[in-house]
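Engineer: need the 3D shape of this:
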Amino acid sequence: MQIVSTPHAPTPGGHYSQAVVHGGLVYVAGQLPLDPQRPGQPPPEGIEAQTELVLDHLAAILQAAGSGLRQLLSVTIYVTDIAQWGAVNAVYARRLGVHRPARAVVPVNGLHYGCLLELQAVAALAPSEP
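Structural biologist: Below is the predicted model of the structure:
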């Protein structure tokens, strides 16, 4: 088992890792839209900006693990307002392009620090270059 950590995503605020690699898979912990360069600051305004930031964190963690967005297998997105789902989906679709991992969307009553969404994922390790 390998623990993954990158300064390009928020430092875990509890007893967990940004991600763990095991058995050829990368398990990414829930990511909030908080800027790792501005600890303690609120998330950016708006669901689109928060979605972009969460996907930036996801990409950075996957890269640190030896994977990438194209290796995503499953994504769970927690949203505080299901009416904002269309905006989240538009950013998500633009960033992932033709790649379509399995996905679940879970409406929740609230998230830490007033964040509008949280994302967790499972990805495969990127194939080795011959």
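Engineer: ok, residues contacting stretch 40-59?
Structural biologist: Residues outside stretch 40-59 that contact it (Cβ atoms under 8 Å, 6 or more residues apart in numbering): 8-10, 28, 31-36, 68-69, 81, 84, 87-88, 90-92, 95, 113-119, 121. C-beta: built from backbone N, CA, C; applies to glycine.
Engineer: for PyMOL, write the select line for the buried members of these.
Structural biologist: To isolate the buried subset of these in PyMOL, counting by 16 or more other Cβ atoms under 10 Å, use the following:
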select buried, resi 9+10+28+31+32+33+34+68+69+84+87+88+91+92+115+116+117+118+119+121
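Engineer: dead centre of the chain: give me the residue that sits there.
Structural biologist: residue 58 (3.8 Å; Cα atoms, centre = their mean).
Engineer: ranges for the helices of the chain?
Structural biologist: Under the criterion DSSP state H, the chain carries helices at the ranges 47-65, 85-96.
Engineer: can you put these in TSV and add distance to residue 4 and mean pLDDT?
Structural biologist: Converted to TSV, the helices of the chain look like this (distance: least, Cβ to Cβ, whole Å; pLDDT from 0 to 100):
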stretch	distance to residue 4	mean pLDDT
helix 47-65	4	98
helix 85-96	20	98
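Engineer: out of those, which is the most enclosed?
Structural biologist: helix 47-65 (a mean of 21; mean count of other Cβ atoms under 10 Å).
Engineer: quick one: it to helix 85-96, angle?
Structural biologist: Following axes from the mean of the first three to the mean of the last three Cα atoms, to 10 degrees, one obtains 40 degrees for the angle between helix 47-65 and helix 85-96.
Engineer: got the CA coordinates for helix 47-65 in CSV?
Structural biologist: Taking Å, rounded to 0.1, in the frame of the first residue of the first chain, the C-alpha atoms of helix 47-65 are listed here in CSV:
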residue,chain,number,x,y,z
ILE,A,47,-20.4,26.2,-8.1
GLU,A,48,-18.4,26.4,-11.4
ALA,A,49,-15.3,27.8,-9.7
GLN,A,50,-15.6,25.2,-6.9
THR,A,51,-16.0,22.4,-9.4
GLU,A,52,-12.9,23.5,-11.3
LEU,A,53,-10.9,23.6,-8.1
VAL,A,54,-12.0,20.2,-7.0
LEU,A,55,-11.1,18.7,-10.4
ASP,A,56,-7.7,20.4,-10.2
HIS,A,57,-7.1,18.7,-6.8
LEU,A,58,-8.3,15.4,-8.2
ALA,A,59,-5.9,15.7,-11.2
ALA,A,60,-3.0,16.6,-9.0
ILE,A,61,-3.5,13.8,-6.6
LEU,A,62,-4.0,11.3,-9.5
GLN,A,63,-0.8,12.5,-11.1
ALA,A,64,1.1,12.2,-7.9
ALA,A,65,-0.2,8.6,-7.7
